[in-house]
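Enquirer: Sequence and predicted model, in that order:
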Amino acid sequence: MTRHDAQAMLDRAERIATETEVQAALDRLAAEIGRELAGAFPLVLAVMGGAVVFAGQLLPRLRFPLEFDYLHVTRYRGKTQGGEMEWRVLPGQNVAGRTVLVLDDILDEGETLAAIRDKLVQMGAARVTSAVLTDKANGLAKPIRADFVGLEVPDRYVFGCGMDAYGLWRNLPAIYALKDA
Ligand SMILES: O=P(O)(O)OC[C@H]1O[C@H](OP(=O)(O)OP(=O)(O)O)[C@H](O)[C@@H]1O
Ligand code: HPA
């Protein structure tokens, strides 16, 4: 896709959450997470690459001791339909015995987060919790619920705030839905 195509995609998209709404959701999420996990010295794991913006904006709002690390798993790979799960970076061995907080940008069909939870449990995590910036209201019986949810998004392909559309626009501070999705 060219720079022109990328701009045209954004111009045709519908904004579904403003930057102000995203920032308010982050404030609320941080407060909720603090109430639940402040005393747990959690290991916070960002799911690369979609969680990069969410993690970067949430972490400075968490005012308690924690450790940070990341894992990388993908199943969309620049497409708008999920496929086979590909682990690129496994969680480190430091998860054993820990309370873990997984951060991801979106809970869609739930396959990715469920696989991460199963992996962390298998690796000996004492407790696995999760926070997602967005939860897609797609009516599916998802295999996992997130403990902390920033914003509900409609059943459309969304992008911005770390989420990509065809590999693009993770850098937007607001959330958009593709016109034709
Ligand atoms: O609930 P699901 O239907 O499993 O989808 C959610 C996952 O899909 C996206 O990752 P993607 O595979 O696009 O990789 P990315 O993080 O590099 O964008 C997103 O970051 C979540 O991890
Ligand atoms: O709607 C979406 N947008 C971006 N990434 C995603 N990964 C799963 N669903 C989505």
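Expert: Everything's here; your move. Residues are numbered from 1 along each chain as shown. Ligands and ions are numbered 1, 2, ... in the order given.
Enquirer: and Leu140, how many neighbours does it have?
Expert: 11 (other CB atoms under 10 Å). To be clear about C-beta, it is placed using only N, CA and C from the backbone, and glycine gets the same treatment.
Enquirer: Equivalent analysis for Gly83, please.
Expert: Residues lying near Gly83 (other CB under 10 Å) number 11.
Enquirer: cool, Leu10 as well?
Expert: Around Leu10 there are 17 residues (other CB under 10 Å).
Enquirer: Next: Lys142.
Expert: Neighbour number of Lys142 under other CB under 10 Å is 17.
Enquirer: Chain neighbours aside, what residue packs nearest to it?
Expert: With CB to CB, 6 or more residues apart in numbering as the criterion, Lys142 has its nearest non-adjacent residue at 3.4 Å, and that residue is Gly110.
Enquirer: Ok, Gly160 next?
Expert: Nearest one to Gly160, counting by CB to CB, 6+ apart, is Leu172 at 3.4 Å.
Enquirer: Can you tell me the SS state at that neighbour?
Expert: Each residue gets one of three states, and Leu172 gets coil by DSSP: H, G, I helix; E, B strand; the rest coil.
Enquirer: For it, give me the pLDDT.
Expert: At Leu172, the model reports a pLDDT of 98.
Enquirer: Contacts only, for it.
Expert: By CB atoms under 8 Å, 6 or more residues apart in numbering, Leu172 lies in contact with Leu10, Phe159, Gly160, Cys161.
Enquirer: Which parts of this structure are strands?
Expert: Using DSSP state E, the strands of the chain run over residues 14-17, 43-48, 67-74, 86-89, 99-107, 127-136, 148-153, 158-159, 175-177.
Enquirer: residues in this protein within reach of ligand 2, list them.
Expert: Listed as neighbours of ligand 2 in the chain under the rule CB under 6 Å from any ligand atom: Tyr76, Ile106, Asp108, Tyr157, Val158, Phe159, Met163, Asp164.
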